[in-house]
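Peer 1: here is a sequence together with a model predicted from it:
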Amino acid sequence: MSLDLLIYAVGAVASLMSVVAVYLALVERDLVKAVIYSAIQSVFYSLLFYLFMSPDIVLVYLPVAGGVLPALLLVLISKTERFERE
Amino acid sequence: MVGFLAEYMFTVIYLSLFVNLGLSLFGLFYKPHYVKKLIMLGVLGDTLNMFAIFLGYRAWPSPTTPSRPPILLTYPFENASVLVEFTSRAVDPLPQALVLTAVVIGLAVMVFLIFLGDNLFKHYGTLDMREIRRLRG
Amino acid sequence: MIEELLVYTGLGLIALGAFAQLVSGIGVNRFRNFYLRLHAATIGSIWGCVYPIAGAGLVALGYKELGPYSTFMAGAAFVTSFLVLILSPAGSHALARAAHKTRQALVEPCVHDALDPSMCVRGGGS
Amino acid sequence: MFVQEFIAAVVPLYLVATALYLYRALKGPTIPDHVLGVDLLSYNLAVLFIVLGIFFKEPILIVTAIPLALWIYALDIYVAKYLERRVMGA
């Protein structure tokens, strides 16, 4: 088994899991759950950024997409409405 | 066999990024709620940044020396072997500089849109875009 | 000699962490209650995150091919393991307190709930 | 020493654990279950970052694990505050 095959395997698994998270964030009707699904997607994207050898992007992207954006969207949801109507 | 598997997994990453792009565009255009549009706009921007990073990546030069991030750890001008080793192994630094700016500007745009949504709710009493469009007449 | 001992100890801790993460993943999927799942999550965060990161720091101390920055790597690994050791119980406690106070997750197969007896749902399967 | 081969043998176990955590994080019936899943997922990913940093023989890659642990703790606190008060104060 070649060693660089491991890296492509980890990247393939992470990208497929991010597809699942994006689909569930698309079809979810409770907006708090949709925000948490997008947090899962950002965690897997940070793994992909790491595997493509860009640690400086990970250092900026993790606070932005894992901490600040869900917090601000939760502020917006708590000030407005929680459920998406049909 | 190993080369075929590596190509296959690389193609899986590439195609799943395209699937994410299509899903986020669908959500951005056809979902009626404002917060859902914001979430999908964030996914769209992240996927485009991932494509830019993906262009700058290159495979391992040999099975024992992996490619490395474009960061110089030692002072390069005293012996040229550091520069030779760096240019033979490092990934492309230009897309990373672009993406580093794009992430921060995306955050600024998103903060503006979030407070626009707050004012929109104060004005119309709802965040459903169909209702807002109908009220405009 | 001492480098080989450090590397083998660290690799053993990394393998222990993999086993603990597998056990914690099975437990998180098998338990029927949010508070029981919290118990499995403590296994995954302490045995599965603090110990492998400390083991990676030991490997970095003894692994010659990392070059002159291996002590930097070991220090960052020890700091990360210490942060996880402090922050993970704090986050879990805040989450469980919020879930219990706002009645988000009921205590489904319940024997006794001293904090709020009205959340105790008796029975509920085996 | 066989460090790279050992890590290449151990990392698939971590990937299986990632899939299990992802199942709970996507399925979990209540909001605290989702957040607990994200929490465990990110701790798993922190271990994976550091172990793969040893695998790549690149010491500069390891810095990324510290913001991951810190900001996921912040996400926990945000969601707990949202659940308790419905208002995000200071």
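Peer 2: It's in. Numbers count the residues shown, from 1 in each chain, chains lettered A, B, ... in the order given.

Peer 1: find the centremost residue of chain B, please.
Peer 2: B:Asn49 (2.4 Å; Cα atoms, centre = their mean).

Peer 1: per-residue pLDDT, that one?
Peer 2: Here, the pLDDT recorded for B:Asn49 equals 94.

Peer 1: beyond the helix or strand hosting it, next helix or strand please.
Peer 2: Here B:Asn49 is covered by helix B:34-56, with elements defined by DSSP states H and E. Toward the C-terminal end, the helix or strand that comes next after helix B:34-56 (DSSP H and E) is helix B:80-89.

Peer 1: buried stuff in that following helix?
Peer 2: B:Phe86, B:Arg89 (16 or more other Cβ atoms under 10 Å in any protein chain shown). Any C-beta I mention is one placed from the backbone N, CA and C, and that applies to glycine too.

Peer 1: do that helix and chain C meet at all?
Peer 2: No. Using Cβ under 8 Å from any Cβ of the partner chain, helix B:80-89 never reaches chain C; the gap is at least 11.8 Å.

Peer 1: picking that back up, other SSEs contacting the helix holding B:Asn49?
Peer 2: The helices and strands touching helix B:34-56, judged by 3 or more Cβ pairs under 8 Å, 6 or more residues apart in numbering or on different chains; DSSP states H and E, are helix A:4-27, helix A:31-51, helix A:55-61, helix A:69-79, helix B:2-30, helix B:94-124.

Peer 1: of all those, which lies closest to C:Ser118?
Peer 2: Across those, C:Ser118 has its closest neighbour in helix A:31-51 (24.5 Å, Cβ to Cβ).

Peer 1: sorry, back to before: could I get the CA-only coordinates of the helix holding B:Asn49 as PDB?
Peer 2: Extracted in PDB, the C-alpha atoms of helix B:34-56 (Å, rounded to 0.1, in the frame of the first residue of the first chain):
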ATOM      1  CA  TYR B  34     -33.800  34.400   4.100                       C
ATOM      2  CA  VAL B  35     -31.600  32.600   6.700                       C
ATOM      3  CA  LYS B  36     -31.500  29.500   4.500                       C
ATOM      4  CA  LYS B  37     -30.400  31.600   1.600                       C
ATOM      5  CA  LEU B  38     -27.600  33.000   3.900                       C
ATOM      6  CA  ILE B  39     -26.400  29.500   4.900                       C
ATOM      7  CA  MET B  40     -26.300  28.400   1.300                       C
ATOM      8  CA  LEU B  41     -24.400  31.500   0.300                       C
ATOM      9  CA  GLY B  42     -21.800  30.600   2.900                       C
ATOM     10  CA  VAL B  43     -21.500  27.100   1.500                       C
ATOM     11  CA  LEU B  44     -21.200  28.500  -2.100                       C
ATOM     12  CA  GLY B  45     -18.300  30.800  -1.100                       C
ATOM     13  CA  ASP B  46     -16.500  28.000   0.800                       C
ATOM     14  CA  THR B  47     -16.800  25.700  -2.200                       C
ATOM     15  CA  LEU B  48     -15.400  28.200  -4.600                       C
ATOM     16  CA  ASN B  49     -12.500  28.800  -2.200                       C
ATOM     17  CA  MET B  50     -11.900  25.100  -2.100                       C
ATOM     18  CA  PHE B  51     -11.700  25.000  -5.900                       C
ATOM     19  CA  ALA B  52      -9.000  27.700  -5.800                       C
ATOM     20  CA  ILE B  53      -7.000  25.800  -3.200                       C
ATOM     21  CA  PHE B  54      -7.600  22.600  -5.300                       C
ATOM     22  CA  LEU B  55      -5.900  24.200  -8.300                       C
ATOM     23  CA  GLY B  56      -2.800  25.100  -6.400                       C
END
